[in-house]
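Visitor: let me see the structure of the following:
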Amino acid sequence: MPDFCFQIQPYLKERRFDAAYDCVYFFTVPIWSGLFVCTILSIIMISGLIMIMDIKTMDMFDDPKGKTITINVSE
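Guide: Prediction:
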């Protein structure tokens, strides 16, 4: 891992940071694994949605050579 860490000092007495005694890296192993799992699950969900949107249903359910269904509406 690199030696770069993110340091915050809430009560800044001088214009310099004190020595970092508990330096925690910004991207730790749990953060990387969470981002990796979220990326994999997002890819699976997006591909599933694309597959669902690509389903084609039949336009007509009657025989095009046969007699058509007519419905007379009268009030």
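Visitor: how close does Asp54 get to Ile43?
Guide: Distance of Asp54 to Ile43, given as C-beta to C-beta, to the nearest Å: 16 Å. Any C-beta I mention is one placed from the backbone N, CA and C, and that applies to glycine too.
Visitor: neighbour-wise, which of those two wins?
Guide: Ile43 (10 against 7; other C-beta atoms under 10 Å).
Visitor: what kind of secondary structure is the more buried one in?
Guide: Under the three-state scheme (DSSP: H, G, I helix; E, B strand; the rest coil), Ile43 adopts helix.
Visitor: next one: it from Thr68, what distance?
Guide: Here the criterion is C-beta to C-beta. By it, Ile43 lies 46 Å from Thr68.
Visitor: go on, Ser47?
Guide: Looking at Ser47 against Thr68, where the rule is C-beta to C-beta, the gap reads 40 Å.
Visitor: could you list the low-pLDDT ranges of this protein?
Guide: Along the chain, the model assigns pLDDT under 70 to residues 1-24, 59-64, 75.
Visitor: for it, what spans make up the helices?
Guide: 29-53 (DSSP state H).
Visitor: tell me the contacts of Met58?
Guide: Met58 makes no contacts at all, as judged by C-beta atoms under 8 Å, 6 or more residues apart in numbering.
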